[in-house]
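Visitor: Sequence plus the predicted model coming up.
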Amino acid sequence: MLPAMHPELTRRTFALGVAVAAAGAGLPVVGTVSAMAADGDTKHKALVVAAGACLAAAEVCHAHCLKLLGTGDTSLKVCAPLVSATIPVCQALVRLAVLDHGRLKEFAKACLNVCADCETECRKHEGHHAECKACAEACAVCIRECKQLISA
């Protein structure tokens, strides 16, 4: 239950406050933003959710790549920089989609290409690494949503 001393505080403003506080602390906020988009009136809900899921999967995949590289296993040395590039691109895509930014379609084209590179590389490893499979699948969904936006 929300504090009674703030009657104007809604779930949405509370979630936004948590997201802002987390961002200020350097914590990831995509889950919060994606959840708000799914509940709210965001014009690009499907894109926000897809890009948020892609970002989350890319974070997990990147951590997995770094872990393996740290043990001397270089099988994911090509994957690591590609997934590393996917992270900030999807984060920016979420932000631009939530804002319905005027350059969203242009940015979605670039994001589509970055995600396609990541998906292609992750597909090479999906049989051995669940993290790569999840990332490839999330990239595919994000690519589909980007294409849908671009063609609209």
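Guide: Good, I have the coordinates. Note that the coordinates shown come from a computational prediction; the quantities given were computed from them, not determined experimentally.

Visitor: C-alpha from now on. contacts and neighbour counts both.
Guide: OK.

Visitor: Tell me the first helix or strand C-terminal of the lengthiest helix in the chain.
Guide: In the chain, with assignment by DSSP state H, the single longest helix is helix 45-70. Using DSSP states H and E, the helix or strand that directly follows helix 45-70 along the chain is helix 79-99.

Visitor: If you count neighbours, what's buried in that following helix?
Guide: Buried positions in helix 79-99, judged by neighbour count with 16 or more other CA atoms under 10 Å: 79-80, 82-87, 89-98.

Visitor: Check which helices and strands the longest helix of the chain is in contact with.
Guide: Contacts defined by 3 or more CA pairs under 8 Å, 6 or more residues apart in numbering; DSSP states H and E place helix 45-70 against helix 30-39, helix 79-99, helix 130-151.

Visitor: ranking those helices by mean pLDDT, which is last?
Guide: Ranked by mean pLDDT, the helices and strands packed on helix 45-70 bottom out at helix 30-39, with a mean of 53.

Visitor: I'd like to know how many residues surround Ala152.
Guide: When neighbours are counted by other CA atoms under 10 Å, Ala152 registers 6.

Visitor: try Gly127
Guide: Neighbour count of Gly127, defined by other CA under 10 Å: 10.

Visitor: mind checking pLDDT for it?
Guide: So Gly127 comes in at 96 (pLDDT).

Visitor: Need the phi and psi values for it.
Guide: Dihedral angles of Gly127 (phi, psi; degrees, to the nearest 10) stand at phi -70, psi -20.

Visitor: roughly how far apart are the nearest residue to it once chain neighbours are set aside and Lys45?
Guide: Nearest non-adjacent residue to Gly127, counting by CA to CA, 6 or more residues apart in numbering: Lys133, 7.4 Å away. Distance, Lys133 to Lys45, using CA to CA, to the nearest Å: 24 Å.

Visitor: what does Ala85 give?
Guide: Counting by CA to CA, the gap from Ala85 to Lys45 is 23 Å.

Visitor: Now do the contacts for the closest residue to Glu59 other than its chain neighbours.
Guide: Nearest residue to Glu59, sequence neighbours excluded (CA to CA, 6+ apart): Ile87, at 6.6 Å. Contacts for Ile87 (CA atoms under 8 Å, 6 or more residues apart in numbering) come out as Leu55, Ala58, Glu59.

Visitor: What is the nearest of the residues you listed to Gly127?
Guide: Among the contacts of Ile87, Ala58 lies closest to Gly127 (CA to CA), at 16.9 Å.
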